[in-house]
Structure formats: structure tokens, C-alpha cells
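[1] Requesting a structural model of the entry that follows:
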Amino acid sequence: MKNLTISLALTMLLLLTASCGDDNPQPKPRGYFRIDLPEKQYVTLDTMRRYSFDYPVYSTITNDIHSPNEKEWINVEFPAFKGTIHISYKDVDGNLPQYVEDSYQMITKHINKATGIRDSIIINKERNVYGLVYFLDGEGVASPLQFYLTDSTAHFLRGSLYFNVYPNNDSLQPVINFITDDVRCLIKTLKWK
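    Okay, the predicted model is just below:
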């Protein structure tokens, strides 16, 4: 019986020693909450404005309260994601180069936080829509997506995506990609009036 007790004690000691691994435990990487994305469905913004486009049903259209004199300026708000696409509109009357330059200046304000800026040219001759979409990469970029659209003669529309949270674009990337698809739909369905 004494030998059995000693054997059990030695076996337990051996198991404890073998199960002790590295003396430097590694912390688990930080995770993010799962984001449930809704199904894509769109409705048409067809109001008395100088333009119309399709926007997602899980967003809301509001007037821009910060510019009450600009009746054509709206926000496409995504309450579930705390995000907003701010849309501004201007009539073109020989001042298109100034509007394009102003858009470019808005992009350059993010250069110090951006790790890269990619652009994509928009040419839709059928709808008479031309412009640029800017994708701003980097963890601290406040606006990861901006764009402008014009018909070159009468209309100029500018949009920028902002989130009402700390700009940690690594964790926001699934939402940014999701809303980017909505911006593509907006661009594809834009009509001037």
C-alpha cells in the first residue's frame, strides 16, 4: 500500500511538472464584437431636390442642421453603425475647378493620419455622372471614404463618410466595406434633375 501511495505521488508530481509549459504566458489578441449587417435593400430618394439616388432602407435621410441655408445638403445616417454620409450640393456656374479643388483640400486634411489614399474614377456617360471616389486607409483616419460627382456643366455633389466613434478603422473595416457598397449604389443610381 505504501508503494502504491508513493507511486501515485510520483505520478502526480510528474504530471504537474509535465503540464507546466512556458513560464511566459502569452495574452490572447484583442477581439472585437461581432457586427450583424442587414440585408441590402434600397429605396429611391425622389424629392424636390436637384438630384435623386437610391439609398439603403436601414439608413435615414435628414437635412443638414449645420447648414440650414443649404437646402440641397442632406445626411444619409446609419444609426446602427453611428455613421453618416454628409452630402453637399452646389450649382455649377463656371466654378467647377474651385469645387474640385475644395474637394481635394478636404482629402488632404486627412493625410497626416492616412497610410494611403486610393482613388477611383467615375465615368457614367449614360447618366452624365463623372467624378472621383477616395478611399483613405489608416487606423486614425476620421473619414475613410469621400467622393464628388458632377455633370461638368450644372451640378456638383460631394459626399464624405464619418463615424461618431473613435476612428479605429481596423475594427470598423467590415462596416466601412458595407457602406462602401451603399455608396457605389448611390453613385450608380444618381440622376440629375
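
[2] Give the next helix or strand downstream of the helix or strand of the chain with the lowest mean pLDDT.
    The weakest-scoring helix or strand in the chain, judged by mean pLDDT, DSSP states H and E, is helix 2-19 (a mean of 67). Scanning forward in sequence from helix 2-19 by DSSP states H and E, the next helix or strand is strand 42-45.

[3] Parallel or antiparallel, which strands does that next one pair with?
    Applying DSSP bridges, strand 42-45 is found paired with strand 51-56 (antiparallel).

[4] Put the alpha carbons of the partner strand into PDB.
    Output of strand 51-56 as PDB, limited to C-alpha atoms (Å, rounded to 0.1, in the frame of the first residue of the first chain):
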ATOM      1  CA  TYR A  51     -30.800  65.100 -57.700                       C
ATOM      2  CA  SER A  52     -32.100  61.700 -56.800                       C
ATOM      3  CA  PHE A  53     -30.400  58.400 -55.900                       C
ATOM      4  CA  ASP A  54     -31.100  55.000 -54.200                       C
ATOM      5  CA  TYR A  55     -30.200  54.700 -50.600                       C
ATOM      6  CA  PRO A  56     -30.400  51.800 -48.100                       C
END
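
[5] Mind listing what's buried along that strand?
    Of all the residues in strand 51-56, those buried under the rule 16 or more other CB atoms under 10 Å are 51, 53-56. The way it works is simple: take the backbone N, C-alpha and C, and place the C-beta from them, glycine included.

[6] From the rest of the structure, what touches it?
    Applying CB atoms under 8 Å, 6 or more residues apart in numbering, the contact partners of strand 51-56 are 38, 40-46, 61, 72, 76, 78, 89, 155, 157, 182, 185-187, 189-193.

[7] can you rerun that using 7 Å?
    Strand 51-56 is touched from outside by 40-46, 61, 76, 89, 155, 157, 182, 185-186, 189-193, with contacts defined as CB atoms under 7 Å, 6 or more residues apart in numbering.

[8] Same check on stretch 150-159?
    50-51, 85-92, 96, 99, 103, 128-131, 146-149, 192.
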